[in-house]
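Peer 1: Here's my sequence, what's the structure:
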Amino acid sequence: MSDSANSNSNSSGPSGSPEQGVPLITEADIVEARQKGRALALGIGFSPGDATLIATATLRKRFGSSALREGVVQIVGAAPALVALLDRDLAAYHGVEHKAIAAYEQGIDDPAGVPKEHDRCGSNLITPMMLLSVGGTVMLERLVEKPSPAARAVVGLAGASIAVEMFAWSDRHSDTALARAFHTPGHEIQRLIATREPTPEQLEVGVAALAEILRVENAASSDEQPATSN
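Peer 2: Residues are numbered from 1 along each chain as shown. Okay, here's the model as predicted:
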């Protein structure tokens, strides 16, 4: 009787626990579910960009003007890109790009030992753009009772323009303390989220891609040189 009870308790029935080592949901099931969800969303014309616009508009309508609200709006706006970078291969190939280019710029043959964070990555623009957008929007809403979409767009464009100028300045003065401070948030975004250390195989792909780009550029430069007469 005891053996029978133990046998029944260890077996997996319809409502019991699964056998050890056999998961209820596999990675393939998760991938398939994501693909179906994306197909359904796209099929009804709904994209991640639509969700971002709806969320940010709702936040601005429900809450008064404040730096906190605008900060949340900026984070929501960056969410689709951050979600995309959760793909390990995408983040790894982003790291490949940085390492291959940095090794080429520094004259290093093996890019494996080069840091995966790069000063000219677009992630260095995220923090200044967000801060300038938050400050500009809060100032606009305090000066104008109901800012128009055009006014908000002008503020956003102005913030982006200033951030790009700061980015360009920091690249020209990369050895200064101020430039290093400017790059610190972007490097942390790259280190924690935007890039991953690539495998040797992924790095090999990046090196081959860069070599092909340089070959094509050199060939184009040779073709553009005017022929000299003897």
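
Peer 1: What ranges in this structure fall below the confidence cut-off?
Peer 2: Under the criterion of pLDDT under 70, the regions of the chain flagged as low confidence span 1-77, 79, 225-230.

Peer 1: now the helices for it?
Peer 2: In the chain, the helices defined using DSSP state H lie at 2-10, 27-43, 48-62, 67-84, 88-106, 126-143, 149-172, 177-189, 200-224.

Peer 1: excluding its backbone neighbours, what's nearest residue 199?
Peer 2: Using CB to CB, 6 or more residues apart in numbering and skipping residues adjacent in sequence, the residue nearest residue 199 is residue 92, 7.0 Å away. For every residue, glycine as well, the C-beta is placed using N, CA and C.

Peer 1: Give the burial count for residue 124, as a bare number.
Peer 2: Around residue 124 sit 25 other residues, with neighbours defined as other CB atoms under 10 Å.

Peer 1: now do residue 205
Peer 2: Residue 205 is flanked by 14 other residues according to other CB under 10 Å.

Peer 1: cool, residue 180 as well?
Peer 2: Using other CB under 10 Å, the number of residues around residue 180 comes to 14.

Peer 1: what's the answer for residue 148, then?
Peer 2: When neighbours are defined as other CB under 10 Å, residue 148 has 9 of them.

Peer 1: just use 703 as the starting number from now, easier for me
Peer 2: Sure, I'll start numbering at 703, so the last one becomes residue 850.
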